[in-house]
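A.B. asks: With the sequence up front, the predicted model follows.
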Amino acid sequence: MKTAFINDIPYTFESGETMLDLIRRQVDSGLVPTLCDAPNLDPFGACRVCSVEVALEKDGPVKTVASCHTPVSEGQYIYTSTASVQRLRKNIIELVLTDHPLDCLTCEVNGNCELQTVAAQVGIRDVRYPEGDHHLDRSKDLSHPYMTSDLSKCINCYRCVRACDEVQGEFVLSMAGRGFDAHIIKGLDQSFMESDCVSCGACSQACPTSAISDVFQSKSIQATDTTRTVCTYCGVGCNLDISTSGNEIMSITAPYDAEVNQGHTCLKGRFAFKFYNHPERLDAPMIKRNGSFEKVSWDEVYDFITEKFKYYKETFGPDSMAGISSSRCTNEENYLMQKFYRAVIQTNNIDGCARVCHSPTALGMQRTFGTGAATNSIEDLKHTDCIMVIGANPTDAHPVTGAKLKQFAMKSGHVSIVIDPRRTELARYATHHLALRPGTNVAVLNMMMYYIISEGLVDASFVSNRTEGYEDFEKELKGIDLDKLEAVSGVPREQVRAAAIAYASAPNAMSFHGLGVTEHSQGTFTVMQIADLAMLTGNIGRKGVGVNPLRGQNNVQGSADMGVQPHQGAGYLDVTNPEVNARYNAFYRSEVPSHIGYKIPEMFQAALEGKLKSIWIIGEDVVQTDPNTQKVIRALEATELVIVQELFMTETAKYADVILPGASFLEKSGTFTNGERRVQAVRQVVDPLAGTKPDGQIIVDIMNRMGYAQPDYTPDGMLEEISQIVPFFAGIRWDRLGNNGLQWPVAEDGTDTQILHQQEFKRGLGYFEFHDWEETQEITAHGEDYPYILTTNRELEHYNCGAMTRRTDNEKLLQSDYLMIHPEDAAANRIEDGDFVCLESPRGKVDVKARITDEVKPGVLSTTFHFPEIMINNITGDVHDSEAMCPEYKVVAVKIRKSKGKFKQLMQDK
Ligand code: SF4
């Protein structure tokens, strides 16, 4: 350890540590004032307020340096508070104040302004300089639903510019002009609304004054409490600090010490919270009578439900009933829901939204490694040399991780491979973009592995020591028909070869995949190939490598972990295994069935065949988000009792017989598990809206009324129970979660696990299994008559069915779904930008507004499904992944023409 002196006292320092870091760490975090420094930004050295004096020997000559960006050296003497540096700091602030309004009492950040604090710290009582030219007349920018600016308050510290560059990687903010004219601009000197701002709010949080802020005034001090919790919108699992006053949420900021998001969020996490007390929130249980919903008491609705449940169970048997749990709910609530169906109803007919997104990931990774979860953490991006992103558009769907991936891809010397039909934002920065035809992932990945073998890049030692099945795998792979695969995928073989060499040659390579991998007829096989690629090149079991699925909904990992699957109970234990069955029976004090239950598509089919009498759906708008909408509707109509537990009257809720008003993540406690297996504490911020109940308590109430004694819902009590049955939760306790949670598996003593499969795989040896590419039935059956391929995607502004985000001002930023269409296809069909396009598939027709763009290739169309007015799933089909039954949203055979408006009108009339 090396030593330096601060105010003549010796301290040890770490290599590369700056003087400011050392002073803060060893002496006092507030001793040296700063203005341009921020916790999540690189040192900059612009304001010089952090200046200190430094000598190379005691009492030697001193030099004044900015401590924030000057590294400490052995034996240095650092003086933090000499008269000279105090004079300097005071003078700097005086100069800043000559061009800053002194309207503190009416300023939004009065009492929480860093300039105000520093001015007080350096002892400003007056400003010695006469009034001169200034920029106090700059007008405010109130153009945006969330972001605001008042650049008369700007002190040119560059923190907003750096946040936009270093945190979000958007480069919207920059400094224009020189000297006295230097000023912040957005885009090409536009307003926030006109610019390419993605509303992440990083600039607002970074700004030390109110020059850049947000409509919720998140830096003001109106709030009385702050609660740390976890975002509900995606599997990144960003931590949020939520400020409240009374029972009202005032604003949200991002904690800098959050290991997941380090002071960053996207616009959904930071700004899209106003749905929680929206006037359209469901606020009473309802029973549909004579075609209309009637509000009833909780007692009445519980009586109604339990009477029917008992009747169906006794009359038609437990398998006449099914439940769909919610990835928006906590682990504890998901655990309870599956427990209710297994232990109380005594059926395995329980499933969740993972069925329609990442079920192939869980299955494919389980088959290859033994565990269906991310092997590493996002933090490992700091330790990798190459990223491969396949079938994912993370800057829209997983924005905080997406920003990190983008930062990685933009840095010189980094290798990035994007495999995606669309030229996504990440693809624009990628070293290699393989723009394949939707439905040909297996073809391209087989070509990649062929080249890794033929170029002699296989990690032979890893393959021989840690895997099995390789000989057969290699033999099959060597026999693939490159000509055919090149032709069907549309990707030149040399491009594939270059990407394969880049991935296999990198010292450390990480892969990330999304729904563009899983939502295909060969989804599970594609996941297995991604895992094969990692094993083939030895990219498993250490930092900076691995297979890392980007999980969609906030708790989709957790819901599967908790047993929301018809074939595996809590902890991924096989329900057909007699030992497991005996364990569940003993633990639940019940007779849990040992045959596999219905997956969601099988539930709908059973309903259509008259076999399903009741379905209870929590927090999942299956009518809007599941494929083949009309079939889903027919299935719900054919089911005698449809219970929907929701926040809003969703498209699915309209078909319910009973509605139970649940609570949002802001109104309850529990845990969410993010895509890195990180179990984090969700803490109640406000009371549940009057008339609603936390979803876990509703399940408990019904369990008790069905005669099964279950204690009231509390996160600590539930975790205690879960830790006894889920092996990888053995050491998870509520009071151990702290601010950053624990990554499972967690040992009894609380030790968690950042990297899986370090010494051996969960299944012992990793398993190679070859699968050849097969054309999807959607194309073989319909491709001739419906020659275009529609693929669905997500937009940054909205979340899934949009029930929450459409009830926030996010709707002002994106007001409808739109169809991406290549200029050649648009011209061939006489479609102009903004025209409605009639999309017709074998299932039906919808009208969507065209956006002409070369982000898609000719023959490929792409759209979202956030808006019920469009209901894009009216045209998606019944083809599923052959193994996990995940629907094939990514390949829909369609034909197109300019719309006459008829079907758009039909949908709006519905
Ligand atoms: Fe929430 Fe995901 Fe955005 Fe983070 S990236 S704030 S978890 S939606």
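C.D. replies: On my side now, so go ahead.

A.B. asks: Tell me where the stretch 751-900 of the chain has strands.
C.D. replies: 766-767, 788-792, 818-821, 836-841, 844-852, 860-863, 892-898 (DSSP state E, counting those that start in this stretch).

A.B. asks: Mean pLDDT, mean neighbour count and distance to the ligand added to the ones you listed, as CSV?
C.D. replies: Yep, even glycine has a C-beta here, placed from its N, CA and C like the rest. Formatted as CSV, these follow (pLDDT from 0 to 100; neighbours: other C-beta atoms under 10 Å; distance: least, C-beta to the nearest ligand atom, whole Å):
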stretch, mean pLDDT, mean neighbour count, distance to the ligand
strand 766-767, 97, 23, 30
strand 788-792, 93, 23, 19
strand 818-821, 94, 24, 21
strand 836-841, 94, 22, 28
strand 844-852, 93, 22, 23
strand 860-863, 94, 24, 21
strand 892-898, 95, 21, 26
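
A.B. asks: Turn those into a markdown table, including distance to residue 605.
C.D. replies: Shown next, in a markdown table, are the strands of the stretch 751-900 of the chain (distance: least, C-beta to C-beta, whole Å):
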| stretch | distance to residue 605 |
| --- | --- |
| strand 766-767 | 31 |
| strand 788-792 | 22 |
| strand 818-821 | 30 |
| strand 836-841 | 20 |
| strand 844-852 | 19 |
| strand 860-863 | 27 |
| strand 892-898 | 20 |
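
A.B. asks: nearest to residue 95, of those strands?
C.D. replies: Residue 95 lies closest to strand 844-852 among the strands of the stretch 751-900 of the chain, at 48.6 Å (C-beta to C-beta).

A.B. asks: what's the angle from the closest one to strand 836-841?
C.D. replies: Orientation check (axes from the mean of the first three to the mean of the last three C-alpha atoms, to 10 degrees): strand 844-852 against strand 836-841 gives 130 degrees.

A.B. asks: so what secondary structure elements neighbour strand 844-852?
C.D. replies: strand 818-821, helix 823-828, strand 836-841, helix 902-909 (3 or more C-beta pairs under 8 Å, 6 or more residues apart in numbering; DSSP states H and E).

A.B. asks: And whichever residue of the chain sits closest to the ligand, its phi and psi?
C.D. replies: Nearest residue of the chain to the ligand: residue 269, at 2.3 Å (C-beta to the nearest ligand atom). Main-chain dihedrals, residue 269, degrees, to the nearest 10: phi -60, psi -40.

A.B. asks: these two touch, right, it and residue 229?
C.D. replies: No - using C-beta atoms under 8 Å, residue 269 makes no contact with residue 229, being 10.4 Å away.

A.B. asks: any residues in contact with both of the two?
C.D. replies: residue 240 (C-beta atoms under 8 Å, 6 or more residues apart in numbering).

A.B. asks: who has more neighbours, the two?
C.D. replies: The neighbour comparison of residue 269 against residue 229 (other C-beta atoms under 10 Å) goes to residue 269, with 27 against 21.

A.B. asks: what separates the helix or strand residue 427 falls within from the chain centre, distance-wise?
C.D. replies: Per DSSP states H and E, residue 427 falls inside helix 425-429. Chain-centre distance of helix 425-429: 18 Å, with C-alpha atoms, centre = their mean, to the nearest Å.

A.B. asks: Check which residues of that helix are buried.
C.D. replies: 425-427, 429 (16 or more other C-beta atoms under 10 Å).

A.B. asks: now do stretch 266-280
C.D. replies: If you call a residue buried by 16+ other C-beta under 10 Å, then stretch 266-280 has these buried ones: 266-273, 275-276.

A.B. asks: Include pLDDT and secondary structure when you put those residues into JSON lines, please.
C.D. replies: Putting these into JSON lines (pLDDT from 0 to 100; DSSP: H, G, I helix; E, B strand; the rest coil) gives the following:
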{"residue": "266", "pLDDT": "96", "secondary structure": "coil"}
{"residue": "267", "pLDDT": "94", "secondary structure": "helix"}
{"residue": "268", "pLDDT": "95", "secondary structure": "helix"}
{"residue": "269", "pLDDT": "96", "secondary structure": "helix"}
{"residue": "270", "pLDDT": "97", "secondary structure": "helix"}
{"residue": "271", "pLDDT": "96", "secondary structure": "helix"}
{"residue": "272", "pLDDT": "95", "secondary structure": "coil"}
{"residue": "273", "pLDDT": "95", "secondary structure": "coil"}
{"residue": "275", "pLDDT": "94", "secondary structure": "helix"}
{"residue": "276", "pLDDT": "94", "secondary structure": "helix"}
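
A.B. asks: so which of those comes closest to residue 443?
C.D. replies: Distance to residue 443 across the buried residues of stretch 266-280 (C-beta to C-beta) is lowest for residue 266, with 33.3 Å.

A.B. asks: circling back: what two of the buried residues of stretch 266-280 have the greatest distance between them?
C.D. replies: Top of the distance list for the buried residues of stretch 266-280 (C-beta to C-beta): 266 and 276, 17.9 Å.

A.B. asks: Nearest residue to the most centrally placed residue in the chain in space, ignoring adjacent ones along the chain?
C.D. replies: Centroid-nearest residue in the chain: residue 234, 3.0 Å away (criterion: C-alpha atoms, centre = their mean). Leaving aside its chain neighbours, residue 234 sits nearest to residue 398 (5.5 Å; criterion: C-beta to C-beta, 6 or more residues apart in numbering).

A.B. asks: who's in contact with that neighbour?
C.D. replies: 234-236, 392, 514, 550, 675.

A.B. asks: go on, residue 39?
C.D. replies: 256, 262-263.

A.B. asks: can we see that at 10 Å?
C.D. replies: 206, 255-257, 262-263 (C-beta atoms under 10 Å, 6 or more residues apart in numbering).

A.B. asks: for the residues you listed, which one is nearest residue 318?
C.D. replies: residue 255 (45.3 Å).

A.B. asks: what's around that closest one, how many residues?
C.D. replies: 19.

A.B. asks: Equivalent analysis for residue 333, please.
C.D. replies: So residue 333, with other C-beta under 10 Å, has 34 neighbours.

A.B. asks: same thing with residue 290?
C.D. replies: So residue 290, with other C-beta under 10 Å, has 5 neighbours.

A.B. asks: measure it to residue 180 for me?
C.D. replies: Separation of residue 290 from residue 180 (C-beta to C-beta, to the nearest Å): 74 Å.

A.B. asks: surely residue 355 meets residue 599?
C.D. replies: Yes - contact between residue 355 and residue 599 holds when scored by C-beta atoms under 10 Å: they sit 5.6 Å apart.

A.B. asks: Neighbour count: the two, which is higher?
C.D. replies: residue 355 (27 against 22).

A.B. asks: Excluding sequence neighbours, find me the nearest residue to the more buried one.
C.D. replies: residue 600 (4.5 Å).

A.B. asks: That neighbour contacts residue 352, correct?
C.D. replies: Yes - shown here, residue 600 and residue 352 form a contact pair, counting by C-beta under 10 Å, at 8.1 Å.
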